[in-house]
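[1] Have a look at this fold, sequence not included:
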């Protein structure tokens, strides 16, 4: 069935400027890190993507290795884009990244010019696109000069294969160096994609001031701390299909007494506001002026709709922020 986007798709979503650039991103963006590989039904993926666009989510974030298997998220998105979204290309922000292990041999990992530009070409092929809107260096490379890595991003922009350059997982000091290296090519460093949540606050003291100084935006991932900031574990048990049961990033030791104390307290604060814990986690992040967008995942249309509903809640007031603070503890649930 032909997809016709909702006429009111821009009526509810808010859009925030990315640093000092001209680009605006939706307050919530859809990440395809999970749930868009070959093991998930394509019709389920299509339904999530269609509903996201109808809700005003214009930004779709990918990377070369998203799946599983690696590359399959781009392949599946490319198929759905060709069938449903091609008429709306100018209304969409599509990003990809390279930096993690993608293919065998010495040229399929980290930040060399050869890897980044080869990967970008492969991503464009899988996506069926002439360009991505944002191309990221997915992580810093300790063995490659940052001038080489940023030079590759500059070439991507200068060649028209990307409109903007971004970085992910870079430290504050590496961010400053990356910005300077790109500036030599007269290319601005648009955006940083770091991890950030109530339970992972490492960017507040170091990275946020750097973003302010450089005029960069940020789009944060893992806003729910891999699911720890949801109601799935509040009873102390582990559902068989949960991240704790299936992910290499979490295990049952994350669900200790300290975690349960903080998560249950935050859940009570959320309930007083008429929100779920996950919605409160998103609202709390969006209070930060340095955050342009929150990158969320979705395994179903219902989950997506519930997350987007977080935007309907009023901003946190000073008393609520103060009540949250003792329980938004960096390191909670981390091993």
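    That came through, no problem. The structure presented is a predicted model; accordingly, all values stated were derived computationally and were not measured. Numbers count the residues shown, from 1 in each chain.

[2] All the strands of the chain, residue numbers only.
    According to DSSP state E, the chain carries its strands in the segments 15-17, 24-26, 28-31, 59-61, 93-98, 132-137, 162-168, 189-193, 217-220, 293-296.

[3] nearest residue to residue 326 other than its sequence neighbours?
    Nearest residue to residue 326 in three dimensions, chain neighbours excluded: residue 265, at 7.8 Å (C-beta to C-beta, 6 or more residues apart in numbering). Bear in mind the C-beta positions are built from the backbone N, C-alpha and C, glycine included.

[4] show me where the chain has helices.
    For the chain, the helices defined by DSSP state H cover 42-54, 72-80, 113-127, 146-158, 172-183, 207-214, 243-246, 257-272, 277-286, 301-308, 318-324.

[5] Next, format those helices as TSV and append mean neighbour count and distance to residue 192.
    Below are those laid out as TSV (neighbours: other C-beta atoms under 10 Å; distance: least, C-beta to C-beta, whole Å):
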stretch	mean neighbour count	distance to residue 192
helix 42-54	18	23
helix 72-80	22	22
helix 113-127	20	17
helix 146-158	21	13
helix 172-183	18	6
helix 207-214	17	6
helix 243-246	16	24
helix 257-272	17	26
helix 277-286	23	14
helix 301-308	18	22
helix 318-324	13	24
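
[6] got those helices as TSV, with mean pLDDT and distance to residue 165 columns?
    Shown next, in TSV, are those (pLDDT from 0 to 100; distance: least, C-beta to C-beta, whole Å):
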stretch	mean pLDDT	distance to residue 165
helix 42-54	98	25
helix 72-80	98	19
helix 113-127	98	11
helix 146-158	98	4
helix 172-183	98	6
helix 207-214	98	13
helix 243-246	54	31
helix 257-272	97	36
helix 277-286	98	24
helix 301-308	98	28
helix 318-324	98	34
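
[7] To residue 232, which of the ones you listed lies closest?
    helix 243-246 (8.1 Å; C-beta to C-beta).

[8] Would you convert the helices of the chain into JSON lines that also reports distance to residue 34?
    Below are those laid out as JSON lines (distance: least, C-beta to C-beta, whole Å):
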{"stretch": "helix 42-54", "distance to residue 34": "11"}
{"stretch": "helix 72-80", "distance to residue 34": "9"}
{"stretch": "helix 113-127", "distance to residue 34": "18"}
{"stretch": "helix 146-158", "distance to residue 34": "26"}
{"stretch": "helix 172-183", "distance to residue 34": "26"}
{"stretch": "helix 207-214", "distance to residue 34": "24"}
{"stretch": "helix 243-246", "distance to residue 34": "9"}
{"stretch": "helix 257-272", "distance to residue 34": "21"}
{"stretch": "helix 277-286", "distance to residue 34": "15"}
{"stretch": "helix 301-308", "distance to residue 34": "12"}
{"stretch": "helix 318-324", "distance to residue 34": "27"}
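
[9] Please report how far the residue nearest to residue 326 lies from residue 327.
    5 Å (C-beta to C-beta, to the nearest Å).

[10] Which residue lies nearest the spatial centre of the chain?
    Per C-alpha atoms, centre = their mean, the C-alpha nearest to the average position across the chain is that of residue 295, at 3.4 Å.

[11] these two touch, right, that one and residue 218?
    No: counting by C-beta atoms under 8 Å, residue 218 is not a contact partner of residue 295; they are 10.0 Å apart.

[12] list the residues that contact both of those two?
    Taking C-beta atoms under 8 Å, 6 or more residues apart in numbering as the criterion, residue 295 and residue 218 both touch residue 193.

[13] Might one say that residue 19 is in contact with residue 219?
    No: using C-beta under 8 Å, residue 19 is not in contact with residue 219; the gap is 11.0 Å.

[14] any shared contact partners between these two?
    191, 292.

[15] More neighbours: these two, which one.
    residue 219 (26 against 19; other C-beta atoms under 10 Å).

[16] where's that one relative to residue 302, distance?
    Applying C-beta to C-beta, the value for residue 219 to residue 302 is 24 Å.

[17] One more: residue 279?
    Distance of residue 279 to residue 302, computed by C-beta to C-beta: 14 Å.

[18] got it, and residue 22?
    Taken as C-beta to C-beta, the span from residue 22 to residue 302 is 35 Å.

[19] how far does stretch 66-74 sit from the chain's center?
    Chain-centre distance of stretch 66-74: 16 Å, with C-alpha atoms, centre = their mean, to the nearest Å.
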